[in-house]
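Chemist: Sequence and predicted structure below; questions after.
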Amino acid sequence: MHRVIKIRFTVFYGEASEANCLGYMELNQDGNMIALYNGYGEEMDMYGGHEFVRVRALGTFDDQDRDNFYSLLESDGIG
């Protein structure tokens with residue numbers, strides 16, 4: 001099962017984030033980050049010089065069923 005965590009960026013593409021810049025990270029079953037998403041749910045470069053803090057967990061989903069991933073984002077107001 002993969003997990004989706006809501007995050008707040010403190011550094012976004014190497015620049016200090018002035019606004020409340022939120023996003024999401026996807027963790028695999030081993031707890032390793034495998035993807036970053038911006039506040040609109042669009043995948044972004046994981047190696048873009050970002051720093052963030054975890055806000056809260058949104059839930060888990062089966063990595064074979066991406067529909068549940070998008071349902072988790074929709075439950076947080078994305079979509």
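Modeler: Sure thing, it's come through. Numbering: from 1, shown residues only.
Chemist: So Tyr13 versus Gly23, what's the distance?
Modeler: Per Cβ to Cβ, to the nearest Å, Tyr13 is found 12 Å from Gly23. Where you see a C-beta, it was placed from the backbone N, CA and C, and this is true even at glycine.
Chemist: what about the protein, any weak spots by pLDDT?
Modeler: Applying pLDDT under 70 to the chain flags the ranges 79.
Chemist: ok, for the residue nearest to the spatial centre of it, nearest residue in space, not its chain neighbours?
Modeler: Closest to where the C-alpha atoms of the chain average out (Cα atoms, centre = their mean) is Tyr24, at 1.4 Å. With sequence-adjacent residues excluded and distances taken as Cβ to Cβ, 6 or more residues apart in numbering, Tyr24 is closest to Tyr37, at 4.2 Å.
Chemist: again with Leu22
Modeler: Gly39 (4.7 Å).
Chemist: follow-up on the earlier one: more neighbours: Tyr13 and Gly23, which one.
Modeler: The neighbour count for Tyr13 versus Gly23, taken as other Cβ atoms under 10 Å, is higher for Gly23 (21 against 11).
Chemist: looking at it, that one is touching Ile7, isn't it?
Modeler: Yes - taking contacts as Cβ atoms under 8 Å, Gly23 lies within contact range of Ile7: 5.3 Å.
Chemist: which stretches of this protein form strands?
Modeler: Per DSSP state E, the chain has strands spanning 2-12, 15-16, 22-27, 33-37, 43-44, 51-61. These are given in chain order.
Chemist: Let me have these in CSV, extended by distance to Asn68.
Modeler: Shown next, in CSV, are these (distance: least, Cβ to Cβ, whole Å):
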stretch, distance to Asn68
strand 2-12, 9
strand 15-16, 33
strand 22-27, 12
strand 33-37, 15
strand 43-44, 17
strand 51-61, 4
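Chemist: Just tell me which of those strands ends up closest to Phe69.
Modeler: Across the strands of the chain, Phe69 has its closest neighbour in strand 51-61 (4.9 Å, Cβ to Cβ).
Chemist: List the strands paired with the closest one, with their directions.
Modeler: strand 2-12 (antiparallel) (DSSP bridges).
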